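**Student:** Okay, predicted coordinates and the sequence, questions at the end:
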Amino acid sequence: MQMDKRFLILVAVFAVLAGTSESPALYQGEYALVLDGPNEVVQGSTESFTARAYDPQGNLVNEVTFNRTFSTLGLVDVSRQMTITKPDGAKIELHGTMTVLVKAPGTDGGPDPDAPPEGAYFTDPTKPSSSVKDATVDVIASAKSEVLVAAYTIESQDVVDALVSAAGRLGPGKVKVVVEE
């Protein structure tokens, strides 16, 4: 089957569902401090976390809720210290840490209203395909970070022009095209 007039544009949008998690219980002198809170947050948000101290028998000794504002993207450690007074009057300093993924706004698992359309479009060689060409040009023109194209062939000058424009707008290495011919 000849596919000269067919091309495929793949635009992938990845979303990770946000959730909560607990830090592992690290016993320090038979006591442990466990942090509980969201494991994924959006940059600029302020989130609540809970630090719980447990005795050697697993009984809750103390609990504190605190807030943290996230300004840095990527993996960030949330830490908390707590001083516990043991039954014999001795004080013990506990430390708890959990890692949180800080994502850019619009990547919080919900739809980004400014996101370009996504999907796979196929042309029919027996019919005009201007709507697919127009949709392809629109997707390329609305790209904000990168354009990835896998195509058998690209014969539309409008698509080529949109790719060249996107390469100039997005910068080196941000537009990648793989074609068979």
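**Tutor:** It's in.
**Student:** Okay, domains of this protein per the record?
**Tutor:** 8-14+110-179, 20-103 (automatic domain parsing).
**Student:** what does the helix or strand containing I92 rub up against?
**Tutor:** Counting by DSSP states H and E, the element that carries I92 is strand 91-103. With contact meaning Cβ atoms under 8 Å, 6 or more residues apart in numbering, strand 91-103 is reached by 16, 21-23, 26, 28-29, 31-35, 37-43, 47, 49, 51, 53, 70, 72-86. Every C-beta, even on glycine, is put in place using the N, C-alpha and C of the backbone.
**Student:** Report the buried residues of that strand.
**Tutor:** L94, G96, M98, V100, L101, V102, K103 (16 or more other Cβ atoms under 10 Å).
**Student:** ok, those vs E180, which is closest?
**Tutor:** K103 (35.4 Å; Cβ to Cβ).
**Student:** Could you give the bridge partners of the closest one?
**Tutor:** Residues in a beta bridge with K103, per DSSP bridges, are V42.
**Student:** Number the chain from 692, please
**Tutor:** Will do, 692 is the new start, and the previous item becomes K794.
**Student:** And the pLDDT at it?
**Tutor:** pLDDT for K794: 90.
**Student:** now E846
**Tutor:** For E846, the predicted pLDDT is 84.
**Student:** Could I get the phi/psi values of it?
**Tutor:** phi -110, psi -10 (degrees, to the nearest 10).
**Student:** which of the residues in the helix ranked longest in the chain are buried?
**Tutor:** In the chain, assigned by DSSP state H, the helix with the most residues is helix 848-861. Within helix 848-861, the residues that count as buried by 16+ other Cβ under 10 Å are V850, A853, L854, A857, A858.
**Student:** Let me see the contact set for the fourth one.
**Tutor:** Contact partners of A857, counting by Cβ under 8 Å, 6+ apart, are I831, A832, A834, V838, K865, V866.
**Student:** which of those sit farthest apart?
**Tutor:** Farthest pair in the contacts of A857, by Cβ to Cβ: A832 and K865, 13.9 Å.
**Student:** shaky segments in this protein?
**Tutor:** Applying pLDDT under 70 to the chain flags residues 692-720, 798-822, 872.
**Student:** now with 50?
**Tutor:** 692-716, 718-719, 799-800, 802 (pLDDT under 50).
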